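Colleague: Could you work out the structure for the sequence below:
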Amino acid sequence: QVQLVESGGGLVQPGGSLRLDCAASGNIFLMGTMAWFRQAPGKERELVADIFSTGLTNYADAVKGRFTIARDNAKNTISLQMNNLKSEDTAVYYCNADLKVSRFSTYQQYWGQGSQVTVSS
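Modeller: Now for the predicted structure:
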């Protein structure tokens, strides 16, 4: 069984900063791409940023220059440092991992429990 456990998030004023962390544990044979998604009320879940095992990153245009995704391959963790937060960043943030549980399995996606980020004065 694989679990992704998130921590961080909360309430912050516009222009402030928050950090999200996510730790994957369990029967992990090979970790692939890891990512952060978010879902605002009434909207579809969207990709915020992802990071390959090589360290290559991609960001949504809306967060470029403000958010930074990082990973620790040895610990199977990812983080999202969010700076200069805006009200439109308010959403539930989910970590995501694409991984194999054995040498012979295919890649499967796993999700964290979700963390509320609220940007408001």
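
Colleague: Asn73 reaches Ser53, doesn't it?
Modeller: Yes. Assessed by Cβ atoms under 8 Å, Asn73 is found in contact with Ser53 at 6.3 Å. (Glycine included, C-beta is placed from N, CA and C.)

Colleague: what residues are shared contacts of the two?
Modeller: Jointly contacting Asn73 and Ser53 under the rule Cβ atoms under 8 Å, 6 or more residues apart in numbering are Met31.

Colleague: and the residue nearest to the spatial centre of the chain, what does it touch?
Modeller: In the chain, the centroid-proximal residue (Cα atoms, centre = their mean) is Trp36; its distance is 2.5 Å. With contacts defined as Cβ under 8 Å, 6+ apart, Trp36 is in contact with 20, 22, 47-50, 69, 78, 80, 93-96.

Colleague: let's see it at 7 Å
Modeller: 20, 48-49, 69, 80, 93, 95 (Cβ atoms under 7 Å, 6 or more residues apart in numbering).

Colleague: same check, this time on Pro14
Modeller: Pro14 neighbours (Cβ under 7 Å, 6+ apart): 85-87, 119, 121.
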